[in-house]
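Trainee: Predicted model and sequence below, questions to follow.
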There are 2 protein chains.
Amino acid sequence: MSASGRKLEFWYDFASTYSYLSAMRIEALAAAAGVGVAWKPFLLGPIFGAQGWTTSPFNLYPAKGRNMVRDIERLAAERDLGFALPARFPQNSLMAARLALVGGDEGWIAPFTRAVYLAEFARGLDISDRQALAAILQSLHLDSEQIFARIEQADIKERLRRQTAEAQARGIFGAPSFLVGEELFWGDDRLEQALAWAKRG
Amino acid sequence: MSASGRKLEFWYDFASTYSYLSAMRIEALAAAAGVGVAWKPFLLGPIFGAQGWTTSPFNLYPAKGRNMVRDIERLAAERDLGFALPARFPQNSLMAARLALVGGDEGWIAPFTRAVYLAEFARGLDISDRQALAAILQSLHLDSEQIFARIEQADIKERLRRQTAEAQARGIFGAPSFLVGEELFWGDDRLEQALAWAKRG
């Protein structure tokens, strides 16, 4: 949190393409605005499931899915980011989300989150693969064995369930979402507006 | 179309809240970019129906619907526009769309479209009501009796069906959508990007 207490919550699912776009730019934009960021990984799966979706809406509605890919290609090109939809989409983001919670406790959640998104959406790696995630942790000079042992503990699993339930209870229905208090903003294209709202205090 | 031939197609449904936002600003933005606008009313209903939706996704998914209303309230306030969701949503936009096609032939489609959206989303009027639409035509100094007779003719009805089929065939799945050639942009928040694309030529 910034000195002034202005704060934005960044709610994201590691399987979400638009969350990738936000994760790569939120820290610089928030710093420029003097706003602190709380990184909040959660799982969209249970929320989608509750509204009857068994997979991503980008798979359920092919025209929407094609547009999403093209839209992200255009935005990624403008921002000098790589982008390729992984062979399997959406990916299983459970393990990455649990690891990120440990990162939140230990101070490495932001670089870890960016590294996971780059592996997934710029390099096309499978982020449900333990070896891929271990390599990311090691690239951040972290003890991957110890951290993988940590996410087997019940309290981390329970915290991710609670965080997902909290997202749903606070009106989140997609990712990325930004909360300033209870004011909800949905989508990477609302990040600037959410930061302006937080700045205004 | 502008002198240089740069052109953007603006596809909209009169029942669509985000199309209202675009309709109110597209002409000024396009003029500043030196891009011509082709106004393309169509019906989302058959496209939504083809993907199994019986009403707006904002009704099917209440959390998404609540966010849409709040999002439009925020954007409308920034742009000095009124906004209130009509008592019945979405409204039946068939008659307004047929009238707009006549307006396309006769050169009054842009002011008519804006006037319908303001009636619907700033004043809360029912745009399936013939009297409300007649008042709008009259406010534009048009012969409403003659125009209502015109939309009873088979060719106008058929043109709206064809325009809707064309939207679907070209990958449109929501409104507003912008086409520059076959490059599709979806959503009011992509209007600037679509205009930049058109300008680049």
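Mentor: Perfect, I can see it now.
Trainee: Get me the contact residues on chain A for chain B.
Mentor: By the rule CB under 8 Å from any CB of the partner chain, the part of chain A lying against chain B is A:51, A:60-61, A:63-64, A:66-67, A:70-71, A:74, A:171-174, A:183-187, A:189-190, A:193. Every residue, glycine included, has its C-beta placed from N, CA and C.
Trainee: helices or strands next to the worst-scoring helix or strand of chain A on mean pLDDT in the packing?
Mentor: Least confident helix or strand, chain A: helix A:57-60 with a mean of 88, by mean pLDDT, DSSP states H and E. Using 3 or more CB pairs under 8 Å, 6 or more residues apart in numbering or on different chains; DSSP states H and E, the elements in contact with helix A:57-60 are helix A:62-78.
Trainee: ok, back up a step: list the contacts of the least confident helix or strand of chain A.
Mentor: The contact list for helix A:57-60 (CB atoms under 8 Å, 6 or more residues apart in numbering or on different chains) reads A:17, A:48, A:53-54, A:64-65, A:68, A:89-90, B:51.
Trainee: Now a PyMOL select for only the buried ones of these.
Mentor: Buried residues among the contacts of helix A:57-60 (16 or more other CB atoms under 10 Å in any protein chain shown), as a PyMOL selection:
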select buried, chain A and resi 17+48+64+65+68+89+90
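Trainee: from the contacts of helix A:57-60, which is closest to residue A:100?
Mentor: residue A:90 (16.4 Å; CB to CB).
Trainee: How much space separates the closest residue to the closest one other than its chain neighbours from residue A:186?
Mentor: Nearest non-adjacent residue to residue A:90, counting by CB to CB, 6 or more residues apart in numbering or on different chains: residue A:15, 3.8 Å away. To residue A:186, residue A:15 is 16 Å away according to CB to CB, to the nearest Å.
Trainee: The two: who's more crowded?
Mentor: For residue A:15 and residue A:186, the more surrounded residue by other CB atoms under 10 Å in any protein chain shown is residue A:15, and the numbers stand at 26 against 23.
Trainee: so who does the more buried one touch?
Mentor: Contacts were defined as CB under 8 Å, 6+ apart; by that measure residue A:15 touches A:44, A:56, A:89-93.
Trainee: So which of those residues is the closest to chain B?
Mentor: residue A:44 (12.3 Å; CB to the nearest CB).
Trainee: wait, isn't the closest one in contact with residue A:13?
Mentor: Yes. Residue A:44 lies in contact with residue A:13 (CB atoms under 8 Å); the separation is 4.3 Å.
Trainee: top of the contacts of residue A:15 by neighbour count?
Mentor: residue A:44 (27 neighbours).
Trainee: any idea how far that one is from residue A:146?
Mentor: Following CB to CB, the distance that separates residue A:44 from residue A:146 is 28 Å.
Trainee: just to revisit the earlier point, among the contacts of residue A:15, which one has the lowest pLDDT?
Mentor: Lowest pLDDT of the contacts of residue A:15: residue A:56, 89.
Trainee: The nearest residue to that one once chain neighbours are set aside and residue B:100: what is the separation?
Mentor: Leaving aside its sequence neighbours, residue A:56 sits nearest to residue A:90 (CB to CB, 6+ apart; 4.7 Å). The gap separating residue A:90 from residue B:100 is 39 Å, by CB to CB.
Trainee: thinking again about what came up before, what are the neighbouring residues in contact with the residue nearest to residue A:56?
Mentor: With CB under 8 Å, 6+ apart, residue A:90 has these contacts: A:15-16, A:44, A:55-56, A:58-59.
Trainee: Chain A: helices as residue ranges?
Mentor: With helices called from DSSP state H, chain A shows them at A:17-23, A:26-33, A:44-50, A:57-60, A:62-78, A:94-106, A:109-117, A:130-139, A:144-150, A:154-169, A:191-200.
Trainee: List of residues touching the longest one?
Mentor: By CB under 8 Å, 6+ apart, the list of residues contacting helix A:62-78 from outside reads A:17-18, A:20-21, A:56-59, A:82-83, A:85, A:188, B:171-174, B:183-186, B:190, B:193.
Trainee: rerun at 7 Å
Mentor: A:17, A:21, A:57-59, A:82-83, A:85, B:171, B:173, B:184, B:186, B:193 (CB atoms under 7 Å, 6 or more residues apart in numbering or on different chains).
Trainee: Mean confidence (pLDDT) on it, please.
Mentor: 96.
Trainee: contacting residues for the nearest residue to residue A:116 once chain neighbours are set aside?
Mentor: Computed as CB to CB, 6+ apart, the closest residue to residue A:116 that is not its neighbour in sequence is residue A:96, at 5.1 Å. Shown in contact with residue A:96 (CB under 7 Å, 6+ apart): A:14, A:116, A:127, A:133.
Trainee: Same question for residue A:37.
Mentor: By CB under 7 Å, 6+ apart, the contact set of residue A:37 is A:8, A:10, A:26-27, A:30.
Trainee: Of those, which is the nearest to residue B:35?
Mentor: residue A:26 (31.7 Å).
Trainee: burial count for the closest one?
Mentor: Residues lying near residue A:26 (other CB under 10 Å) number 26.
Trainee: And for the one 10 residues further on?
Mentor: Other residues within reach of residue A:36, judged by other CB under 10 Å, total 17.
Trainee: Check whether it really touches residue A:26, as I assumed.
Mentor: No. Judged on CB atoms under 7 Å, residue A:36 makes no contact with residue A:26 at a distance of 11.0 Å.
Trainee: biggest separation within the contacts of helix A:57-60, which pair?
Mentor: A:17 and B:51 (20.1 Å).
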